[in-house]
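1. build me a structure from this.
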Amino acid sequence: MMNETSDQLLTARPVAESWFNRFQVVALAALTLIAVVGKFYLPRLIPNTEWLELPLLLTVYFGLMRRSPIASLFFGAFVGLAEDSLSPANIPIGMYGITKTLVGYFAASVSLRFNVESSFIRMVLCFFFYFFHAFFYWIMRRALLGQVVPFDPQETFVHGALNAVIAIPLFAMLDRMKLAGAA
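-> Predicted structure coming up:
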């Protein structure tokens, strides 16, 4: 028969692990904020980098590694709303929030069904989620805002492939960061 003390011993996390998880969340939030700010200022410093979607890649990574649809949904909403706060005035707040929320949720849902440790699977998923994000964002601008904006599937395909290639070293770096803290 278990008592309250033995239940606490079995379910409590070690102090070091609890501290690391909090540190990891803070580090991921800081990286995400840097990625969001970088999305809008990097093209000013390095021309032709508008296609780079680091906030989206971090949302996908969080969803795949956390494997919690609800946590990933909130993370995607946080990233999307942070992105919305810096977006141009002609795009209302919530557009990126909605798309990133869906990406976070679906990435976590996929991770529950498939082994997402393979670099190839991660690359395919990043390509898919880039295309999904771009297409859904385009649909929302047309349907909700009534804006006539072009959608070029060929360009989206190329940008999705480039982001998927960028995701491989980015995810490897994030994995190493996670493992370094666990050791």
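
2. just name the shakiest helix or strand of this protein by mean pLDDT.
-> helix 4-11 (a mean of 48; mean pLDDT, DSSP states H and E).

3. name the helices or strands packed onto the helix or strand following it?
-> Proceeding N to C from helix 4-11, the next assigned helix or strand is helix 15-45, under DSSP states H and E. Judged by 3 or more Cβ pairs under 8 Å, 6 or more residues apart in numbering; DSSP states H and E, the packing partners of helix 15-45 are helix 54-66, helix 69-86, helix 153-182. (C-beta placed from N, C-alpha, C; glycine too.)

4. could you look up the SS state of residue 147?
-> Taken by DSSP: H, G, I helix; E, B strand; the rest coil, the conformation at residue 147 corresponds to coil.

5. what about the closest residue to it other than its chain neighbours, how many neighbours?
-> Among residues not flanking residue 147 along the chain, residue 141 sits closest, at 4.8 Å (Cβ to Cβ, 6 or more residues apart in numbering). Counted by other Cβ atoms under 10 Å, the residues lying close to residue 141 total 17.

6. show residues contacting the one helix or strand residue 141 maps to.
-> Using DSSP H and E, residue 141 sits within helix 119-143. The contact list for helix 119-143 (Cβ atoms under 8 Å, 6 or more residues apart in numbering) reads 53, 56-57, 60, 64, 91, 95-96, 98-100, 102-103, 106-107, 110, 114-116, 147-149, 151, 156-157, 159-161, 163-165, 167-168, 171-172.
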